[in-house]
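Engineer: Here is a sequence with its predicted model. Questions after.
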Amino acid sequence: MKLTTRTSMRLGVRSVAAGLLLALIAGLAFAKPATRNRDEIPNEYKWDLSQIYPDWDAWQADLQRLQQLMEEYAGLKGTLSEGPQAVLHAMKLGDELGMLAYKVYAYPALMRDSDTRNNEIAANLQQVMIAFARFGAATAWFNPEQLAIGEETMRGWIDSTPELQPYRFPLMDLYRQQEHVLDEEGEKLLAYATPFNQVPKSAFQELSTSDIDFAKVTLSTGEEVTASYGTYISILQNSSVQADRKAVFDAFYGAYEDNLNTYAAIYNGILQRDWFLAQARNYESTLAAALDGNDIPTGVVETLINTAREGSGVLQRYHELRKKMLKLDEYHLYDTSAPLFEFDKKYDYADVQDEIVASVKPLGKDYQETMRRAFKERWIDVYENEGKRSGAYSFGVYGVHPYMLMNYNDELDDAFTMAHELGHTMHTMLAYGTQPFATAQYTIFVAEVASTMNERLFLDYLLSRTRDPLERAALLQYQINSIIGTFYTQVLFADFELRAHRMVEEGRPITADALSQVYLEVIRDYYGDSATIDDIAGITWSRIPHFYNSPYYVYQYATCFASSAVLHDAVTTGSRKERKAATERYLDLLRSGGNDHPMNQLKKAGVDLSKRETVQAVIDQLDSLIGQLEKELAKVKS
């Protein structure tokens, strides 16, 4: 399952009065709901899960069918050696199972994320996870049995059987990883551990959503707010009062500090699990185990971290500029997103839809039209509601379409997040529409290319529509913050993850104090003397969902950001012929799904991440943008 993650109204009216009336109705229809009660939010802002199943009865029927197919698949044990037709039968049945599994899992999972407090939905989701775990144990025979056939024999079967061609890459790639595949009993044992492996992630989600208690804070205006994630982000990005930013920052992380030892115990479970699985499969490190599935050299991550850390002087330059512009005696982490100037433009959901679609014009009309469907056909759950999971994602449901979770709050960041998640959605749609199921799932390593490409195009569009130095400065500031958030911050996270995992590999104790100390060291490595790093900054690791949900994921935001920078330049600069060729290479990357190793896919599109200069280019770009921002700020000041 990949998380990867507005109706364009044309009013045909015959009178001015009718036009004004319909415009008023449209404005009312798209006004942001004044409630966090999900039942009171209009349907047009909520995803339509009936496109997966009309009701729970239909879901239950497919769950039973899935379990029947699982039993049928398990019954194929011992048949693969009979020849290519036996392998083909197993692969086709596996496809049928996989496509059905997407729907059976997605229906309760998406419902769960829209209201994490509903225990009945949680129980249904657990039914699916239990079924998946049993299936994993019952089919542990497949990889060892395939490997027993022999690589040359399997290649011959594929060459002589046209219907096996779609399965060539996944079948042959298994032989590359042969030394890390256990015998049947070993694979079965690891499959039995699957439910346990999900427990730390589930514990974090429950502690951070269902059970978390955010405190109320009184701002300098006298307004009392709940320091939830949405409020925390909004105030840090929009408030010009340092005391308000500090109050919300302290209150928000206070909710995590109250349970810090529990978060440390949960994260220790993640670290111990990863090291157990790495050793069980004969890997020398957790990093090697995490990267091997995509054939990524460990040096890619190590070079990324070293290059970013060595280039942190540019990051520090920006924060020194911010401290000067904000006229602060002390500059803290809660000041790093504060506005450098007053810019209060709101980005209403209704307005942003057409702008995002227009921004991707360089990628073609078909790309734009598919994107419009996401708004028209209720693929998006737009606004925050009580009990809803925080953040945003795009979740592909094979055979249906992707679903996007948002917590839209009318800020510039929300508009760019929408463009970002629509990039994932388009990647999924192009892959699903081109690749057979066996190779439709693209890897995490390329997942953030389409999303960050969309963001870059959206920025281009917004900059092209204004000559106002204030708005241009705001957009440049956003792009700089985007590079910092998508590149530097994610590398910082990856640096911490790597250090934390190595603590376990070296047999060092994992405690809340130890993790917080490591995190403080990492922050100081990147920020240097450009900011005052308060002690509470050390505990901020505890709330990063990716650490718990998908370890060794975040570095790929940075590598993908570097990739999209190269691809964006190719698509938007040069002659018309060159741009057209680059666009087609880019779209081919999205269409390729998972039909090759991601490093190879990116090279075909024109990106080589094995080169240090590809990473350094992002640092140089940031340095240039800071210079442009300084010029625009000078115009604003004058």
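Structural biologist: Yes, it's here.
Engineer: so how far is L171 from the residue nearest to A138 when sequence neighbours are not counted?
Structural biologist: Nearest residue to A138, sequence neighbours excluded (CB to CB, 6 or more residues apart in numbering): A74, at 3.9 Å. C-betas here are computed from N, CA, C, even on glycine. The spacing between A74 and L171, counted by CB to CB, to the nearest Å, is 19 Å.
Engineer: repeat for Q64
Structural biologist: 30 Å.
Engineer: Looking at the two, which is more packed in?
Structural biologist: The neighbour count for Q64 versus L171, taken as other CB atoms under 10 Å, is higher for L171 (20 against 12).
Engineer: Please point out which parts of the helix or strand hosting the more buried one sit buried.
Structural biologist: Assigned by DSSP states H and E, L171 falls within helix 168-176. Neighbour counts over helix 168-176 (16 or more other CB atoms under 10 Å) mark R168, L171, Y175 as buried.
Engineer: what does stretch 457-467 give?
Structural biologist: For stretch 457-467, a neighbour-count test (16+ other CB under 10 Å) marks L457, F458, L459, D460, Y461, L462 as buried.
Engineer: So which of the residues you listed are in helices?
Structural biologist: Among the buried residues of stretch 457-467, the members falling in helices (DSSP state H) are L457, F458, L459, D460, Y461, L462.
Engineer: returning to what we had before: beyond the helix holding L171, next helix or strand please.
Structural biologist: Next along from helix 168-176, by DSSP H and E: helix 184-192.
Engineer: Which elements pack onto the strand of greatest length in the chain?
Structural biologist: The single longest strand within the chain, with elements called by DSSP state E, is strand 403-408. Where contact means 3 or more CB pairs under 8 Å, 6 or more residues apart in numbering; DSSP states H and E, strand 403-408 is packed against helix 84-114, strand 380-383, strand 393-395, helix 412-434.
Engineer: and the angle from that strand to helix 84-114?
Structural biologist: If you take axes from the mean of the first three to the mean of the last three CA atoms, to 10 degrees, strand 403-408 sits at 20 degrees to helix 84-114.
Engineer: quick one: contacts of strand 403-408?
Structural biologist: 5, 32, 47, 49, 106, 110, 113-114, 229-230, 349, 374, 379-384, 388-395, 397, 414, 417-418, 421-422, 424-425 (CB atoms under 8 Å, 6 or more residues apart in numbering).
Engineer: partner strands of it, parallel or antiparallel?
Structural biologist: strand 380-383 (parallel), strand 393-395 (antiparallel) (DSSP bridges).
Engineer: a markdown table please, covering the ones you listed and showing mean pLDDT, mean neighbour count and distance to Y526.
Structural biologist: Shown next, in a markdown table, are those (pLDDT from 0 to 100; neighbours: other CB atoms under 10 Å; distance: least, CB to CB, whole Å):
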| stretch | mean pLDDT | mean neighbour count | distance to Y526 |
| --- | --- | --- | --- |
| strand 380-383 | 96 | 25 | 34 |
| strand 393-395 | 95 | 24 | 26 |
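Engineer: how about JSON lines for the ones you listed, with distance to L219 added?
Structural biologist: JSON lines is the format used below for these (distance: least, CB to CB, whole Å):
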{"stretch": "strand 380-383", "distance to L219": "22"}
{"stretch": "strand 393-395", "distance to L219": "30"}
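Engineer: quick one: stretch 404-414 to chain centroid distance?
Structural biologist: Centroid displacement of stretch 404-414 relative to its chain, using CA atoms, centre = their mean, to the nearest Å, is 14 Å.
Engineer: ditto for stretch 488-497
Structural biologist: 15 Å.
Engineer: what about it, average pLDDT?
Structural biologist: For stretch 488-497, the mean pLDDT works out to 96.
Engineer: V357 should be in a helix, yeah?
Structural biologist: Yes - counting by DSSP: H, G, I helix; E, B strand; the rest coil, V357 is part of a helix.
Engineer: Verify the contact between it and R372 for me.
Structural biologist: Yes - using CB atoms under 8 Å, V357 is in contact with R372, at 5.8 Å.
Engineer: Looking at the two, which has the bigger crowd around it?
Structural biologist: Counted by other CB under 10 Å, V357 and R372 do not tie: V357 has more neighbours, with 22 against 16.
Engineer: that older thread, quick check: the two most widely separated of the ones in helices among the buried residues of stretch 457-467?
Structural biologist: L457 and L462 (9.9 Å; CB to CB).
Engineer: which residues are in contact with both of the two?
Structural biologist: With CB under 8 Å, 6+ apart as the test, L457 and L462 both reach S359.
Engineer: So, low pLDDT: which residues of this structure?
Structural biologist: Flagging of the chain using pLDDT under 70 yields the residue ranges 1-31.
Engineer: Just the helices from the stretch 401-550 of the chain, written as ranges.
Structural biologist: For the stretch 401-550 of the chain, the helices defined by DSSP state H, counting those that start in this stretch occupy 412-434, 444-464, 469-483, 489-505, 512-527, 545-549.
Engineer: A570: which of those helices is closest?
Structural biologist: Closest to A570 of the helices of the stretch 401-550 of the chain, according to CB to CB: helix 444-464, at 10.7 Å.
Engineer: name the helices or strands packed onto the closest one?
Structural biologist: When contacts are defined as 3+ CB pairs under 8 Å, 6+ apart, helix 444-464 sits against helix 349-359, helix 412-434, helix 469-483, helix 555-572, helix 576-591, helix 598-605.
Engineer: Dump those into JSON lines; add distance to Y527 as well.
Structural biologist: JSON lines is the format used below for these (distance: least, CB to CB, whole Å):
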{"stretch": "helix 349-359", "distance to Y527": "32"}
{"stretch": "helix 412-434", "distance to Y527": "21"}
{"stretch": "helix 469-483", "distance to Y527": "15"}
{"stretch": "helix 555-572", "distance to Y527": "17"}
{"stretch": "helix 576-591", "distance to Y527": "34"}
{"stretch": "helix 598-605", "distance to Y527": "31"}
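Engineer: out of the ones you listed, nearest to H332?
Structural biologist: Among the helices and strands packed on helix 444-464, the nearest to H332 by CB to CB is helix 469-483 (16.3 Å).
Engineer: Done for today, thanks.
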